[in-house]
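Engineer: here's a sequence, model it:
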Amino acid sequence: MGYFHIEIPAKNEYQHFSSACPFEFDISTLAKMQLTDSIAQPCFYNLEYPQWKATIHISYIPLKNDLKQLIDEEHHRKEKHLALAASITDSSFIFPNKKVSATVFNINGTKTATPLQFFVTDSTKHFFRASLYFYHTPNNDSIQPVIKYIKEDVRRLIKSFEWK
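Structural biologist: Residues are numbered from 1 along each chain as shown. Okay, here's the model as predicted:
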């Protein structure tokens with residue numbers, strides 16, 4: 001069985017994203033930021049990669065003394081993938097001068113629903129979470145170049161992340 005060759009740009013290019021929400025960061029020029037239709041959740045976005053049928057679902061939640069609960073929920077979401085994951089690795093990023101700390105869950109395996117989940121917080125007011133999904137049957141071996149490209153975009157997003 002063969003798979004289609006996936007064209008990946010040699011170099012990622014970025015543009016700055018900012019809105020009325022209390023965060024801003026860089027996104028790939030190949031991606032489109034779409035506000036979801038939720039009036040009740042005004043800072044929920046989809047960062048779409050239409051050429052690869054991939055979307056990073058983004059949720060922003062103002063903290064209300066519930067940081068521990070939200071972090072526990074993120075770990076629970078990650079653990080739901082244990083049955084199909086070959087491994088799950090966590091990476092942490094801390095930028096104290098910007099009051100930004102992030103945790104990234106790399107979920108490895110050929111049949112996992114999401115290969116990447118992450119959250120960013122300032123630990124006092126803000127909580128930003130995101131998950132990458134593809135809109136086709138997962139076969140992460142065949143789309144590995146796309147996953148690698150998007151993971152690089154997420155690293156850039158986190159490194160450029162700032163609270164307003």
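Engineer: count of residues packed around Ala10?
Structural biologist: 4 (other C-beta atoms under 10 Å). From N, CA and C alone the C-beta is placed, and that goes for glycine too.
Engineer: try the one 5 residues further on
Structural biologist: Around Gln15 sit 10 other residues, with neighbours defined as other C-beta under 10 Å.
Engineer: list the contacts of the nearest residue to it once chain neighbours are set aside.
Structural biologist: Using C-beta to C-beta, 6 or more residues apart in numbering and skipping the chain neighbours, the partner closest in space to Gln15 is Thr29 (5.5 Å). Residues near Thr29 by C-beta atoms under 8 Å, 6 or more residues apart in numbering: 13-15.
Engineer: so the residue most central in space within the chain: helix, strand or coil?
Structural biologist: Geometric centre of the chain, nearest residue: Ala130, 4.0 Å, by C-alpha atoms, centre = their mean. Three-state call for Ala130 (DSSP: H, G, I helix; E, B strand; the rest coil): strand.
Engineer: for the residue nearest to it when sequence neighbours are not counted, which residues are in contact?
Structural biologist: Counting by C-beta to C-beta, 6+ apart, the nearest residue to Ala130 once its immediate chain neighbours are dropped is Ile58, at 4.7 Å. Counting by C-beta under 8 Å, 6+ apart, Ile58 makes contact with 44-47, 128-130.
Engineer: could you rerun that using 7 Å?
Structural biologist: 44-45, 47, 130 (C-beta atoms under 7 Å, 6 or more residues apart in numbering).
Engineer: also Ala31?
Structural biologist: Ala31 touches 47-49, counting by C-beta under 7 Å, 6+ apart.
Engineer: report pLDDT for it.
Structural biologist: pLDDT for Ala31: 96.
Engineer: that one and Thr89: what is the separation?
Structural biologist: In this view, Ala31 and Thr89 are 24 Å apart by C-beta to C-beta, to the nearest Å.
Engineer: kindly report the same for Arg156.
Structural biologist: Applying C-beta to C-beta, the value for Arg156 to Thr89 is 19 Å.
Engineer: kindly report the same for Trp52.
Structural biologist: 22 Å.
Engineer: which of those two has more neighbours?
Structural biologist: Per other C-beta under 10 Å, whichever of Trp52 and Thr89 has more neighbours is Trp52, with 21 against 9.
Engineer: thinking the more buried one is in contact with Val146, fair?
Structural biologist: Yes. Trp52 lies in contact with Val146 (C-beta atoms under 7 Å); the separation is 4.8 Å.
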